[in-house]
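Visitor: Okay, predicted coordinates and the sequence, questions at the end:
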Amino acid sequence: MPGIPGGWELVLIVLVLVLLFGATKLPQMARSLGQSARVFKAETRGMKADEENAKKAKSEMEQKPELTSGESETPSATSPVEDKQQNEQKN
């Protein structure tokens, strides 16, 4: 029955790998494969986080009301002369 190898088939595969690559190379290859898998997982998580941040920023921009041509985000500053006149009126 074709499918996942088991029992004697796995033993035969391991023996062929040891003969081809040698007993010293197999642990190094497995370690390298594990490191590659960890780096891949970390990059995948980073990409997901970047996508979430972009969606969040986009939704914040959509919620922010748009300004009309005559409005500005900062309150209009008065001139020093107007400030002086206002202070004199208060006193």
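Guide: Nice, thanks for sending it over. Numbering: from 1, shown residues only.
Visitor: Would you map the helices across this protein?
Guide: 8-21, 25-63, 80-90 (DSSP state H).
Visitor: possible to save those as CSV with mean pLDDT?
Guide: What follows is the helices of the chain, written out as CSV (pLDDT from 0 to 100):
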stretch, mean pLDDT
helix 8-21, 88
helix 25-63, 89
helix 80-90, 71
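Visitor: can you put the ones you listed in TSV and add mean neighbour count?
Guide: In this view, the C-beta of every residue, glycine as well, is placed from N, C-alpha and C. What follows is the helices of the chain, written out as TSV (neighbours: other Cβ atoms under 10 Å):
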stretch	mean neighbour count
helix 8-21	11
helix 25-63	10
helix 80-90	9
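Visitor: can you tell me how far Tyr17 sits from Ala49?
Guide: Actually, residue 17 is Leu. It isn't Tyr. Noted for Leu17: a distance of 37 Å to Ala49, by Cβ to Cβ, to the nearest Å.
Visitor: again, but for Leu15
Guide: From Leu15 to Ala49 the distance is 44 Å (Cβ to Cβ).
Visitor: same question, Asp83
Guide: From Asp83 to Ala49 the distance is 47 Å (Cβ to Cβ).
Visitor: likewise Ala23?
Guide: 41 Å.
Visitor: again, but for Met61
Guide: Taking Cβ to Cβ, one finds Met61 at 19 Å from Ala49.
Visitor: what do you get for Lys25?
Guide: 36 Å.
Visitor: and what of Ser36?
Guide: From Ser36 to Ala49 the distance is 21 Å (Cβ to Cβ).
Visitor: so how far is Val39 from the residue at minimal distance from the centre of the chain?
Guide: The centroid of the chain falls nearest to Gly46 when counting by Cα atoms, centre = their mean (2.8 Å). Distance of Gly46 to Val39, computed by Cβ to Cβ: 10 Å.
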